[in-house]
Structure formats: structure tokens, C-alpha cells
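[1] Any chance you can model this:
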Amino acid sequence: MPILRQWAERHPDKIATRIAFGDDTINYRELDRRANAVTQLLMWMGLSAGDGIAVLLDNDLRYFELLWGARRHGVYYTPVSTHLKPEEAAYIVRDSGAKLLFVGARFGEVMRALAADNPHGCTIIVIGDEVVGGLDYARELTRFDRMIEIPDGPVGKDFFYSSGTTGKPKGIKQPLFANLRQAQASGDWVRENFGFDDDTVYLSPAPLYHGAPLRFTMRTLESGGTAVVMTKFAAEQALAAIERYRITHSQWVPTMLFRLLALPDDVRASYDLSSHACAIHAAAPCPPELKERMIAWWGPIVWEYYAGSERNGATCISSADWLSHRGSVGRACVGTIHILDEDHNELGPGEIGDVYFDGPSFVYHNDPDKTARSRNALGWSTIGDVGYLDQDGFLYLTDRRSHMIISGGVNIYPAEIENCLALHPLVADVAVFGVPNVEYGEEVKAVVQLKDPSLATPRLAQDLMAFCREQLSHVKCPRSIDFETELPRQENGKLFKHVLKRRYLQPA
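    Okay, the predicted model is just below:
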């Protein structure tokens with residue numbers, strides 16, 4: 001029996017998911033019924049196991065009925081960012097080969113871009129009050145206002161696209177789950193490490209088109225809990241949501257933690273967070289001092305995990321383990337970690353190299369060369385991160401290989417410098433990368449976002465460089481610092497460093 005059906009029979013009236021501070025809720029009975037209708041719609045539209053759909057929606061409860069319906073029919077689902085330009089969004093729909101696009105009514109320009117170039121004949125199904133240029137989702141779903149039994153078969157899976165840091169974004173595709181048991185087992189590491197169960201009330205403050213928010217809300221529903229989704233992150237509102245909905249589990253990115261800590265002390269102290277048992281963070285490097293402050297505030301409930309959209313492996317670490325292995329992202333909980341040098345020789349503890357996992361397989365869609373470059377001869381895979389293991393098997397990340405600066409033959413990893421500058425009381429955000437240098441090949445450049453942009457002066461830039469020299473080897477310190485009013489980050493905390501690099505490399 002499908003897991004969603006099991007929970008619908010066990011507690012039909014329990015809220016499965018809700019929009020924070022709004023009236024939109026859906027219980028397990030209704031979610032199961034509507035997901036069943038979506039599965040019937042996919043069948044009626046001619047989709048078979050292994051086909052795909054794309055979803056372009058704001059944070060909306062209909063996300064979940066679409067995805068559960070797709071899972072039940074063995075269909076891939078590709079979430080599309082709501083912040084992409086119309087042609088960028090249409091490219092992902094085309095490249096994925098999606099046969100259906102479920103799209104919010106406000107994304108008319110994306111619909112027009114896709115209609116102008118639609119080689120696979122993708123059908124557009126519009127969700128919203130004003131339907132122009134596609135089928136009406138609400139009307140189509142009324143055809144299937146009855147429950148049917150659906151034969152067991154492959155289980156659908158997400159098919160995410162990378163952020164597109166170089167060139168076009170690439171789709172990351174894994175084999176479908178062979179059956180319901182395999183699909184359920186894939187979430188065991190989440191339940192075992194973070195304690196997800198049917199008492200879980202999970203807060204998702206980020207957009208659902210990102211991998212971690214979508215996957216963890218789906219894990220919450222898979223475990224029979226309740227997912228509370230914010231339409232947009234706001235620091236104080238997130239604390240209010242924890243108090244109001246008695247949140248037990250939550251997930252954050254470092255920029256969110258930074259904004260939470262920036263709230264006045266009296267505001268932070270005014271909310272009852274006693275229900276909060278597990279606060280998870282991931283997606284971007286977290287400066288150790290920032291994490292220490294979060295543990296001091298929230299207690300030993302702060303967990304971190306490391307994994308890519310490729311899902312080729314994962315690590316996680318508790319507060320207690322992190323305090324005794326400061327800066328680590330934990331030990332492997334999916335797959336086995338191997339640190340390899342450039343010749344693919346395995347390295348010992350403390351030696352920095354490329355991080356490989358011998359975990360689940362994946363391919364980069366329509367890019368066999370990139371897929372091949374991500375493997376070694378044994379089939380282990382890497383997503384481009386660099387780091388080392390300690391004697392206890394804890395992984396420490398130094399940076400991504402693509403971010404490494406080579407200055408005078410010395411390898412420099414920007415993350416260490418960024419963590420240093422982030423400690424300065426005037427700094428809100430920072431990005432470090434390499435720019436050309438005639439003598440050394442590259443030199444270290446920092447771009448800083450200040451808490452108060454009006455303080456940006458050449459003198460402050462010199463002071464920040466001196467601040468670095470007090471804590472880091474001179475080789476690692478920035479040779480120049482520029483200021484920006486805001487750095488280009490996604491809502492999931494990932495920095496579009498290539499945007500800054502392109503801006504500063506063009507004059508060079």
C-alpha cells in the first residue's frame with residue numbers, strides 16, 4: 001500500500017501541510033485523494049513510468065499533490081526556480097524533456113517562451129484563477145474526482161537542475177526507485193539521524209524549488225508528520241512560526257542563521273522555542289563562529305549535513321560531535337568517503353584532496369562528458385568539493401575545486417578567507433576568488449557586503465586586509481577588497497560567485 005495512503009487511513013484528519021500564517025491547509029485524506037487524481041491525470045495525458053513533468057509554482061500546497069501523484073505513477077518531477085528569466089525557465093523544461101508543465105498563472109512570459117519553442121510538445125497546465133494559454137488544472141482534475149487503485153511499479157523521483165554556475169544548468173538524474181520499499185528506505189538516514197516520525201512538525205522557510213526544502217518536506221510527509229511552509233523567509237516571522245505551530249524540526253542555510261542572530265536580543269528572547277528539537281543546516285559553508293553562537297542560543301539541537309543535488313553520498317554531524325570536531329561536516333551516513341589526489345590515489349587522514357563517494361549513482365542529463373569526469377575507474381563519484389578526513393573519519397571541506405586559487409604555485413581555498421572576514425563586526429557577507437596577477441598567475445580578491453554600506457571606504461578596505469593578516473598567512477590574505485551593496489546569493493544560501501568573477505575578470 002502506498003505510504004501516503006497508509007497515513008491517510010491512520011490519521012485522515014491530521015494536517016499534512018500548511019502555509020505559515022495563512023488559511024491554506026490540507027489533511028492526509030485530502031492530500032491522498034488529490035494525489036490520486038493527479039496520477040489519473042498523468043495516465044490520461046499519456047505519461048508512462050520514466051516520463052517527466054516540470055513544476056513552476058510559488059510555495060503552494062498544490063506542489064505536494066503534484067509530486068505525490070508523480071511519484072505514484074513512476075514519473076520524474078523537475079522543480080523550476082521562480083526567479084529565472086522566461087527563456088531560462090523554458091530551457092529547463094525543454095532540456096528535461098518534460099511532457100507536462102504545471103505552471104502558476106502569473107508566469108505567462110514563461111508559457112509564451114515555451115510555446116514559441118516546444119520541440120517535445122510539452123503540454124502546459126495552468127494553476128490559478130486566470131488561465132491563459134494552457135489547460136485549466138482545476139477543471140482537468142475534476143475529471144478524476146474518484147479514488148482508483150493503481151498497480152505497484154517504479155516510484156517517481158525528483159530531477160533537479162544545477163544552479164548553472166558555468167554555462168547552462170545541468171539536470172541531475174538518478175534511476176527511479178524500483179518499488180515502494182526502496183523509495184521508503186532511501187529516507188532512512190533522515191529518520192535515523194534527525195528523528196523524523198509522525199510527531200514531526202517541520203518548518204521549511206525556503207522556496208520549494210530547491211532540493212533540500214522539497215526533499216525534507218516530502219520526507220516529513222513520508223514519515224506522517226506535518227510540514228509548515230513559509231511563503232518567504234523573514235527572521236522574526238520564522239521564530240514566530242516555531243512558537244505558533246510548535247515546530248519540532250527545521251532547516252536553514254547560514255545566511256538565515258546570520259539574520260536570526262542579527263535580531264535584537266529582546267526579540268530573540270520573546271519567542272517560546274521549547275518545542276524545537278532539531279535544527280538542521282546545509283547547502284553552504286557555515287562559519288564556525290556563527291555555528292557556535294547558534295548552539296549557544298538554541299542548545300545542542302543544531303545538526304548539519306553535507307550532500308549535493310547528485311545524492312551520491314551524505315554526511316551529518318550533531319552539535320556534540322561538531323564541538324569536538326570544530327568545522328567538520330560529519331561522518332558518512334550515505335555511501336563511503338574517499339579522498340583522492342589528482343592521480344586518483346587515495347590519501348590518508350589530514351591530506352587534502354578531491355572528495356569522492358562510493359554511494360548511489362547519477363548522471364548529468366544530456367552531458368555524458370561531465371558524467372564521465374565525475375567518476376574514477378572504480379565508479380566512485382565527486383561533485384567537485386575538496387577536503388580531508390581526520391583520524392576519526394570526520395570530513396572537513398576546504399572549498400570547491402573550481403573555486404581554488406593558485407597563486408605562485410600555492411593552492412589557496414577561498415572558504416577559509418571568507419570565514420575569517422565574516423568575523424569582522426562590520427561585515428554582513430563576503431566572497432573571495434582569484435583574479436589575474438602577472439607575477440603570480442592569480443591573486444586573492446575579496447568582495448564585501450557591509451552591514452552599513454555607507455561605511456565603505458578605501459581605509460576600511462585596508463583595515464579589513466590588516467584584519468586578515470592578523471589571523472591568516474600573508475599568502476592567503478586579499479591583495480584588494482571591493483564593496484558591493486548586496487552579493488548575488490540564492491535563497492538557499494548558495495553564492496553565485498561566477499557572477500562576481502565575471503564582473504571583475506572582464507576588465508582584466
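[2] I'd like to know which elements whichever strand or helix holds Arg5 is packed against.
    For Arg5, the host element (DSSP states H and E) is helix 3-10. Counting contacts by 3 or more C-beta pairs under 8 Å, 6 or more residues apart in numbering; DSSP states H and E, helix 3-10 is packed against helix 28-44, helix 211-222. Backbone N, C-alpha and C define where each C-beta goes, glycine included.
[3] ok, 10 Å please
    Taking 3 or more C-beta pairs under 10 Å, 6 or more residues apart in numbering; DSSP states H and E as the contact definition, the neighbouring helices and strands of helix 3-10 are strand 15-19, helix 28-44, helix 62-72, helix 180-185, helix 211-222.
[4] Could you identify which of these is most buried?
    For those, average neighbour numbers computed from mean count of other C-beta atoms under 10 Å are highest in helix 62-72, which has a mean of 25.
[5] Looking at that helix now, give me its mean pLDDT.
    Averaging pLDDT along helix 62-72 yields 98.
[6] what angle separates it from helix 211-222?
    Using axes from the mean of the first three to the mean of the last three C-alpha atoms, to 10 degrees, one finds that helix 62-72 and helix 211-222 are set 70 degrees apart in direction.
[7] what helices or strands is the next helix or strand after helix 62-72 leaning on?
    Heading C-terminal from helix 62-72, the first helix or strand you meet, by DSSP H and E, is strand 76-79. The elements that strand 76-79 packs onto, with contact taken as 3+ C-beta pairs under 10 Å, 6+ apart, are strand 52-56, helix 62-72, helix 86-96, strand 100-104, strand 160-161, strand 171-173, helix 211-222.
[8] before we move on, the earlier item: would you format the helices and strands packed on helix 3-10 as JSON lines with distance to Gln490 included?
    As requested, the helices and strands packed on helix 3-10 are exported to JSON lines (distance: least, C-beta to C-beta, whole Å):
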{"stretch": "strand 15-19", "distance to Gln490": "21"}
{"stretch": "helix 28-44", "distance to Gln490": "28"}
{"stretch": "helix 62-72", "distance to Gln490": "18"}
{"stretch": "helix 180-185", "distance to Gln490": "28"}
{"stretch": "helix 211-222", "distance to Gln490": "11"}
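[9] Please identify which of those is closest to Ala277.
    Nearest to Ala277 among those is helix 211-222; the distance by C-beta to C-beta comes to 13.7 Å.
[10] ok now the closest one, how far from the chain's centre?
    For helix 211-222, the gap between its own C-alpha mean and the chain's C-alpha mean amounts to 11 Å (C-alpha atoms, centre = their mean, to the nearest Å).
[11] Same question for stretch 360-380.
    Per C-alpha atoms, centre = their mean, the displacement of stretch 360-380 from the mean C-alpha position of its chain is 21 Å.
[12] domain assignment for this protein?
    Under the assignment named as automatic domain parsing, the residue ranges that make up the domains of the chain are 27-177, 307-401, 404-505.
[13] which of those domains sits most buried?
    For the domains of the chain, the stretch with the most neighbours on average is domain 27-177, a mean of 19; neighbours defined as mean count of other C-beta under 10 Å.
[14] What's the end-to-end length of it?
    Using C-alpha to C-alpha, to the nearest Å, the end-to-end distance of domain 27-177 comes out at 26 Å.
[15] what do you get for stretch 334-342?
    24 Å.
[16] What's the mean pLDDT across it?
    In this model, stretch 334-342 carries a mean pLDDT of 96.
[17] For Tyr504, which of the helices and strands packed on strand 76-79 is the nearest?
    Between these, helix 86-96 lies closest to Tyr504; by C-beta to C-beta that is 23.2 Å.
[18] Render the CA-only coordinates of the closest one in PDB, please.
    Coordinates of each C-alpha in helix 86-96 appear next as PDB, following Å, rounded to 0.1, in the frame of the first residue of the first chain:
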ATOM      1  CA  PRO A  86      11.400  33.300 -19.000                       C
ATOM      2  CA  GLU A  87      13.900  31.700 -21.500                       C
ATOM      3  CA  GLU A  88      16.000  30.200 -18.700                       C
ATOM      4  CA  ALA A  89      12.900  28.500 -17.300                       C
ATOM      5  CA  ALA A  90      11.800  27.400 -20.700                       C
ATOM      6  CA  TYR A  91      15.200  25.900 -21.400                       C
ATOM      7  CA  ILE A  92      15.000  23.700 -18.300                       C
ATOM      8  CA  VAL A  93      11.500  22.500 -19.300                       C
ATOM      9  CA  ARG A  94      12.800  21.700 -22.800                       C
ATOM     10  CA  ASP A  95      16.000  20.100 -21.800                       C
ATOM     11  CA  SER A  96      14.400  17.900 -19.200                       C
END
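[19] Report the contact partners of the nearest residue to Arg62 once chain neighbours are set aside.
    Closest residue to Arg62 apart from its sequence neighbours, by C-beta to C-beta, 6 or more residues apart in numbering: Ile127 at 6.0 Å. The neighbourhood of Ile127, defined by C-beta atoms under 10 Å, 6 or more residues apart in numbering, consists of 55-58, 60, 62-63, 66, 102-107, 134, 136-138, 141.
[20] 8 Å instead?
    In this structure, Ile127 makes contact with 57, 60, 62, 102-105, 137-138, judged by C-beta atoms under 8 Å, 6 or more residues apart in numbering.
[21] How confident was the prediction at it?
    At Ile127, the pLDDT value in this model is 96.
[22] Okay, buried residues for the helix holding Arg5 please.
    Buried residues in helix 3-10, counting neighbours by 16 or more other C-beta atoms under 10 Å, are found at 3-5, 7-8.
[23] Adding distance to His474 and pLDDT, write those out as CSV.
    Shown next, in CSV, are the buried residues of helix 3-10 (distance: C-beta to C-beta, whole Å; pLDDT from 0 to 100):
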residue, distance to His474, pLDDT
Ile3, 57, 94
Leu4, 58, 96
Arg5, 63, 96
Trp7, 59, 98
Ala8, 63, 98
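[24] just those now: which is nearest Arg181?
    Scanning those for proximity to Arg181, where the rule is C-beta to C-beta, the winner is Ile3, at 10.1 Å.
[25] could you give the angle of the helix holding Arg5 to helix 211-222?
    Using the same axes, to 10 degrees: helix 3-10 against helix 211-222 is 40 degrees.
[26] what's next to helix 3-10, contact-wise?
    Residues lying outside helix 3-10 but in contact with it, judged by C-beta under 8 Å, 6+ apart, are 14, 16, 28-29, 31-33, 35, 68, 72, 180, 184, 198, 221-222, 224.
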